[in-house]
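In: Predicted model and sequence below, questions to follow.
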Amino acid sequence: MDLLSYRDHRSATPPPRLPGRATTARRLSTAAAVAAMLLAGCGTDTPKAAPHSSGPGVSLAPSATPSLSRSAFAPSATPSSSRSALAPALTSAATACTNSTKLAGWSNRRLAMLTVAVPVSETSVSDVTSEVSAGAGGVLLFGSKAPTDLGSRLTALKSHVPGKLGLLVMTDEEGGGIQRMSNLVGSLPWPAYMGAHWTPAQIQQNVTKVAKKMAAAQVNMDLAPVVDVDGRNVAPSKTNPDGWRSFSGNTSVVSKAGVAYMNGLRAGGVIPVVKHFPGLGGSTYNSDFGPARTLPWSTLQKVGIPPFTAAIKAGAPAIMVSNNIVPGLGTNPASLSPTAISSELRGKLGFKGLVVTDSLSAKAISAAGFSVPAAAVQALRSGADMVMFDLGGNVSSQTSAIATAITNAVAGGHLSRNRLIDAAGHVLAVRHVNLCS
């Protein structure tokens with residue numbers, strides 16, 4: 001997300017028979033007990049969030065979703081006693097349930113809603129109660145001055161989340177001119193100042209102070225840090241999306257400062273979102289206002305990608321993908337490009353966390369021929385997990401249109417249901433929500 005002013009207007013075979021007739025009754029009893037355990041291990045009770053999954057103090061390191069173990073009913077290589085045959089069955093029963101198996105039982109509509117971050121003014125968060133009640137995965141706060149009782153208002157909003165699974169509450173708190181709640185959490189200077197005057201340790205320390213206050217106000221995700229490499233000594237504008245939002249024009253400085261900022265947020269209980277992959281430094285224009293291109297991919301690999309690589313190695317839980325076209329990676333904006341997201345970010349860089357889009361309300365998206373709902377579908381197809389759009393117009397209608405487009409795409413075979421389940425799984429995993437507990 002960019003400037004305040006821009007956003008504000010703008011898947012058995014049966015077990016082997018054991019010899020002997022005298023133990024038949026006991027075997028039947030044992031089989032029934034195992035079956036009961038399997039059903040209990042992946043039941044249909046109301047899912048619950050892991051303890052403290054969305055509040056301060058949560059571990060924010062990304063974790064991979066466990067995969068399904070071998071079936072409890074797979075035959076042993078060699079016949080054994082009923083006691084030894086029972087042991088692997090019990091082990092499988094205990095590990096068979098995963099978030100993916102649970103999500104497979106959700107409706108397409110509910111899965112779709114989990115991939116949407118709904119915009120709302122920080123002064124009236126109750127405006128999106130119906131969207132949160134319908135299962136929206138997150139809310140994106142807009143504004144420049146947060147109410148003093150924001151925490152209690154957000155706590156009330158979270159009470160409407162289906163299954164009490166918690167909610168991603170995000171905002172843009174970068175520093176300098178990009179701060180939405182500095183009146184509550186304190187102010188940070190422009191990243192360019194931090195990169196030039198603060199050591200990585202100082203950056204982390206100061207960011208942690210702000211993050212702790214954000215978490216206390218029930219805001220658990222920050223759309224920062226910006227790790228674009230752009231040394232232009234100017235304020236961000238229509239022609240330059242970065243400027244002072246960048247720590248430096250030096251790749252090494254940005255890599256170190258970005259990791260420090262990210263770790264500061266995590267230490268304070270806030271989930272960082274590293275942005276804007278694959279780097280906006282040197283862009284031809286600001287994608288909020290029209291089509292924009294990054295530096296050529298061959299250049300970005302040397303200059304712009306290292307800060308993202310450093311963040312990923314340091315455990316980045318989430319990354320935002322830009323709306324810029326990347327020369328050498330295709331003609332679609334990066335947020336709608338399977339090459340940028342699935343091949344490069346997921347594949348070559350090995351990122352396994354949450355991938356979010358920049359605002360799909362950007363003029364660069366409409367100029368590429370996509371409405372916001374169509375862009376949401378394309379983003380998910382490309383490998384993104386969560387989509388965002390701007391505050392303005394009818395938020396309720398736009399949210400519904402996005403969810404409908406996603407469900408229709410699955411029904412029509414244009415979007416894999418497995419991809420939708422995967423995306424929803426990443427939304428839950430970033431807060432360490434365990435549907436099986």
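Out: Structure received. Residues are numbered from 1 along each chain as shown.

In: how far out from the middle of the chain is the one helix or strand residue 307 maps to?
Out: Here residue 307, judged by DSSP states H and E, is contained in helix 306-313. Relative to the centre of its chain, helix 306-313 is centred 17 Å away, using Cα atoms, centre = their mean, to the nearest Å.

In: Same question for stretch 208-224.
Out: With Cα atoms, centre = their mean, you get 16 Å for stretch 208-224.

In: what bits of this protein have low per-residue confidence?
Out: Counting by pLDDT under 70, the chain contains low-confidence ranges at 1-95.

In: Just give me the neighbour total for residue 385.
Out: Applying other Cβ atoms under 10 Å, we find 26 residues neighbouring residue 385. Where you see a C-beta, it was placed from the backbone N, CA and C, and this is true even at glycine.

In: mind checking how far it is from residue 159?
Out: For residue 385, the distance to residue 159 (Cβ to Cβ, to the nearest Å) stands at 25 Å.

In: In CSV, could you pull the C-alpha coordinates for stretch 260-272?
Out: Only the C-alpha atoms of stretch 260-272 are listed here, as CSV (Å, rounded to 0.1, in the frame of the first residue of the first chain):
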residue,chain,number,x,y,z
ALA,A,260,16.2,-5.2,11.2
TYR,A,261,12.9,-3.5,10.7
MET,A,262,11.2,-6.9,10.1
ASN,A,263,12.7,-8.3,13.3
GLY,A,264,11.7,-5.3,15.2
LEU,A,265,8.0,-5.8,14.3
ARG,A,266,8.2,-9.5,15.1
ALA,A,267,9.8,-8.8,18.5
GLY,A,268,6.9,-6.5,19.2
GLY,A,269,4.2,-9.0,18.3
VAL,A,270,3.4,-7.7,14.8
ILE,A,271,3.6,-9.7,11.6
PRO,A,272,5.7,-7.9,9.0
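
In: in it, what's buried?
Out: For stretch 260-272, a neighbour-count test (16 or more other Cβ atoms under 10 Å) marks 260-272 as buried.

In: Go through the residues you listed and name the one nearest residue 100.
Out: residue 271 (21.2 Å; Cβ to Cβ).

In: would JSON lines of the buried residues of stretch 260-272 with secondary structure and distance to residue 231 be doable?
Out: Output for those, formatted as JSON lines (DSSP: H, G, I helix; E, B strand; the rest coil; distance: Cβ to Cβ, whole Å):
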{"residue": "260", "secondary structure": "helix", "distance to residue 231": "18"}
{"residue": "261", "secondary structure": "helix", "distance to residue 231": "17"}
{"residue": "262", "secondary structure": "helix", "distance to residue 231": "21"}
{"residue": "263", "secondary structure": "helix", "distance to residue 231": "23"}
{"residue": "264", "secondary structure": "helix", "distance to residue 231": "22"}
{"residue": "265", "secondary structure": "helix", "distance to residue 231": "24"}
{"residue": "266", "secondary structure": "helix", "distance to residue 231": "27"}
{"residue": "267", "secondary structure": "helix", "distance to residue 231": "28"}
{"residue": "268", "secondary structure": "coil", "distance to residue 231": "28"}
{"residue": "269", "secondary structure": "coil", "distance to residue 231": "32"}
{"residue": "270", "secondary structure": "coil", "distance to residue 231": "27"}
{"residue": "271", "secondary structure": "strand", "distance to residue 231": "28"}
{"residue": "272", "secondary structure": "strand", "distance to residue 231": "23"}
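
In: mind listing what's buried in the helix holding residue 307?
Out: Buried residues in helix 306-313, defined by neighbour count with 16+ other Cβ under 10 Å: 306-308, 310-312.

In: Name the surrounding residues that touch it.
Out: By Cβ atoms under 8 Å, 6 or more residues apart in numbering, the residues outside helix 306-313 that reach it are 227-229, 251-252, 254-256, 258-259, 262, 274, 277-279, 316, 319, 345, 349-351.

In: Then stretch 367-377?
Out: Contacts for stretch 367-377 (Cβ under 8 Å, 6+ apart): 115-116, 290-291, 325, 332-333, 335-336, 357, 360-361, 365, 378, 387, 389, 398, 401-402, 404-406, 409, 414-415.

In: filter those residues to the buried ones?
Out: Buried members of those, scored by 16+ other Cβ under 10 Å, are 115-116, 291, 325, 332-333, 335-336, 357, 360-361, 365, 378, 387, 389, 398, 401-402, 405-406, 409, 415.

In: so of these, which ones are in helices?
Out: 365, 378, 398, 401-402, 405-406, 409 (DSSP state H).

In: and of the buried residues of helix 306-313, the nearest to residue 120?
Out: Taking Cβ to Cβ as the measure, residue 120 lies nearest residue 311 of the buried residues of helix 306-313, at 27.9 Å.

In: distance of the closest one from residue 372?
Out: Distance of residue 311 to residue 372, computed by Cβ to Cβ: 28 Å.
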